[in-house]
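> what would the 3D arrangement of this be:
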Amino acid sequence: MSTGISRRGLGAGALIAGGFSGLAGEAFAQSAPAAGAGIDFFRPTNVYAAQTQRLAGEALYGAADVFEIEETCRGLKPDDVAAWDAAWLKLAEKAEGEAKAAEGRGEKVTAIARYFHASSYFRQSEMFFYGPDDKRKAERFTRAQTAFRRALALKGAQLRVIQVKSGAETYDGYFCLPDNYKAGTKVPTVFLIGGADSYGEENFFSGTAMLARGMAMLILDTPGRGAAIYLNNIPTRPDYEVPVKAAIDWLVTQPEVDANRIGLTGISMGGYYAPRAAAFDKRVKALVCWCAATNLLQDLYIWNPPIQRQLQWITGSPDDATARKKLNEFDLTKLVDKITMPTLVVHGTNDRVMDVRGAQRFFDALKTKDKTLRLVDGAGSGHCSYAAWSTVVPFMFDWMAAKLAT
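Numbers count the residues shown, from 1 in each chain. A predicted model of the protein is given here:
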């Protein structure tokens, strides 16, 4: 049977020597962006590129399609929020429409993938709206959450929508059982805490590699994060041991959870939240700081001016001076020596969001005998090592799985 494709010119040598000659080469040249055009998320030099690299890293675990990301970025320029919004919203609605169509045809696997993509793109579209002043931020969050939850409904009962109460507050989230979970067994479980501008639907992709390693995962929109701040106006707080205690109290009541094998992971600003809680709760048997800080005023707010408005919002601060006063209370200096469980700190050496020196100070102050520091160079030297997730994520969760094995 003829394929309609000529065998001539298909060798790599012919392609290189020909310099993309012929019609295919002309089409390639016509579609290529001009030099300097677009957002280069492979080599980020601005917050737009850095936030896109974040999504590209998450794409490794099903959050998005990296080729759709690249195509969208071709037509964008840094600082053009209106164009950014329009492009990502268009892509989100396209993916959502394809997900609904696939679901209607009974193509569940395809529908799940595209609902996940739509959720991520809705989140991407609202990235540069300012929370208190722009109602679109909550609207896009709701659309992202709706798409994500539709994917979960199609995946089945091993991924559950939950709520956890802490005093008068209620936190939305997800409890995810590991791949190939056997009914009636108890498994190690990790509570994954996100950072300053993440929410649970995104954090699922940060932690889904745990599920393939036999660990369950809890994700909650605790104070200052996700639904807590977007919909319920619950600001963050320095005493994060309070919401984390409520989360672990909930976990130990679940029949699938081995209460003696609970881990805690904090990503980005969660690298303050998680160790803060671990200093108070000895039910935590292993701690991963996926980025770390000692003092959030110094290591995040002052170090990274572009994040200051976001931090003002999530701390409930009307101005810079108030935010500085509040964030100075987010300090681990007098608590680090109370962290006694095995601890892993992973931080990029060229992190422009959280100062690596804060991570080094935190690690140096740890008194636990079982502590490991991995400073990531090269492609993964940026914030959260997004450009090296293919190696950094397995390293962290293999470490966690080993610590929770017995």
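> ok, then the element right after whichever strand or helix holds residue 277?
Using DSSP states H and E, residue 277 sits in helix 270-278. Downstream of helix 270-278, the next assigned helix or strand under DSSP H and E is strand 284-290.
> give the partner strands of that following strand in its sheet and their orientations.
strand 257-267 (parallel), strand 343-348 (parallel) (DSSP bridges).
> coming back round to it: give me the angle between the helix holding residue 277 and strand 284-290.
Angle of helix 270-278 versus strand 284-290, following axes from the mean of the first three to the mean of the last three C-alpha atoms, to 10 degrees, is 160 degrees.
> centre of the chain to helix 270-278, how far?
16 Å (C-alpha atoms, centre = their mean, to the nearest Å).
> quick one: mean pLDDT for it?
For helix 270-278, mean pLDDT is 98.
> which strands and helices sit next to that helix?
strand 187-193, helix 241-251, strand 257-267, strand 284-290 (3 or more C-beta pairs under 8 Å, 6 or more residues apart in numbering; DSSP states H and E). Bear in mind the C-beta positions are built from the backbone N, C-alpha and C, glycine included.
> with only the CA atoms kept, save it in CSV.
Output of helix 270-278 as CSV, limited to C-alpha atoms (Å, rounded to 0.1, in the frame of the first residue of the first chain):
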residue,chain,number,x,y,z
GLY,A,270,5.2,26.2,51.2
GLY,A,271,8.9,25.8,52.0
TYR,A,272,8.0,28.0,55.0
TYR,A,273,4.6,26.5,55.8
ALA,A,274,5.7,22.9,55.9
PRO,A,275,8.8,23.2,58.2
ARG,A,276,6.9,25.5,60.4
ALA,A,277,4.2,22.9,60.9
ALA,A,278,6.8,20.1,61.2
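> ok, residue 81 - how many residues close by?
14 (other C-beta atoms under 10 Å).
> does it really touch residue 126, like I thought?
No. Under the criterion of C-beta atoms under 8 Å, residue 81 is not in contact with residue 126, lying 10.3 Å apart.
> now residue 325: how far from residue 191?
Per C-beta to C-beta, to the nearest Å, residue 325 is found 29 Å from residue 191.
> oops, could you answer that again for residue 153 instead?
Residue 153 is 23 Å from residue 191, by C-beta to C-beta.
> more crowded one of the two?
Taking neighbours as other C-beta under 10 Å, residue 153 and residue 191 compare with residue 191 leading, 25 against 14.
> could you find the closest non-adjacent residue to that one?
residue 218 (4.5 Å; C-beta to C-beta, 6 or more residues apart in numbering).
> that's a strand at the one you found, yeah?
Yes. Assessed with DSSP: H, G, I helix; E, B strand; the rest coil, residue 218 lies in a strand.
> list the beta-bridge partners for it.
Assessed by DSSP bridges, residue 218 has beta-bridge partners residue 175, residue 191.
> surely residue 236 is within a helix?
No. Read with three-state DSSP, residue 236 is coil and lies in no helix.
> ok now do it, which residues does it touch?
223, 224, 225, 229, 314, 315 (C-beta atoms under 8 Å, 6 or more residues apart in numbering).
> tell me which two in these are the farthest apart.
225 and 315 (12.0 Å; C-beta to C-beta).
> show me where the stretch 51-200 of the chain has its strands.
Under the criterion DSSP state E, counting those that start in this stretch, the stretch 51-200 of the chain carries strands at the ranges 159-166, 169-176, 187-193.
> which of those sits most buried?
strand 187-193 (a mean of 25; mean count of other C-beta atoms under 10 Å).
> for that one, which helices and strands make contact with it?
helix 200-207, strand 216-220, helix 241-251, strand 257-267, helix 270-278.
> now tabulate those in TSV and tack on distance to residue 185 and mean neighbour count.
Output for the helices and strands packed on strand 187-193, formatted as TSV (distance: least, C-beta to C-beta, whole Å; neighbours: other C-beta atoms under 10 Å):
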stretch	distance to residue 185	mean neighbour count
helix 200-207	20	25
strand 216-220	11	26
helix 241-251	16	20
strand 257-267	9	22
helix 270-278	26	29
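> okay, these in TSV with distance to residue 50 next?
Putting the helices and strands packed on strand 187-193 into TSV (distance: least, C-beta to C-beta, whole Å) gives the following:
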stretch	distance to residue 50
helix 200-207	15
strand 216-220	23
helix 241-251	28
strand 257-267	15
helix 270-278	17
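> now for those, which one comes closest to residue 58?
Of these, nearest to residue 58 by C-beta to C-beta is helix 200-207, at 4.3 Å.
> domains of this protein: list them as residue ranges, please.
What automatic domain parsing lists as the domains of the chain is 12-118, 158-403.
> thought residue 185 was touching residue 256?
Yes. With contacts counted by C-beta under 8 Å, residue 185 reaches residue 256, the gap being 7.3 Å.
> higher neighbour count, these two?
residue 256 (18 against 12).
> and that one, what are its phi and psi?
Here is the backbone geometry of residue 256 (degrees, to the nearest 10): phi -90, psi -10.
> and for the closest residue to residue 115 other than its chain neighbours, the neighbour number?
The spatial neighbour of residue 115 that comes closest, neighbours along the chain excluded (C-beta to C-beta, 6+ apart), is residue 151 at 3.7 Å. By other C-beta under 10 Å, the residues close to residue 151 number 24.
> quick check: residue 151 touching residue 110?
No. Applying C-beta under 8 Å, one finds residue 151 not in contact with residue 110, separated by 11.0 Å.
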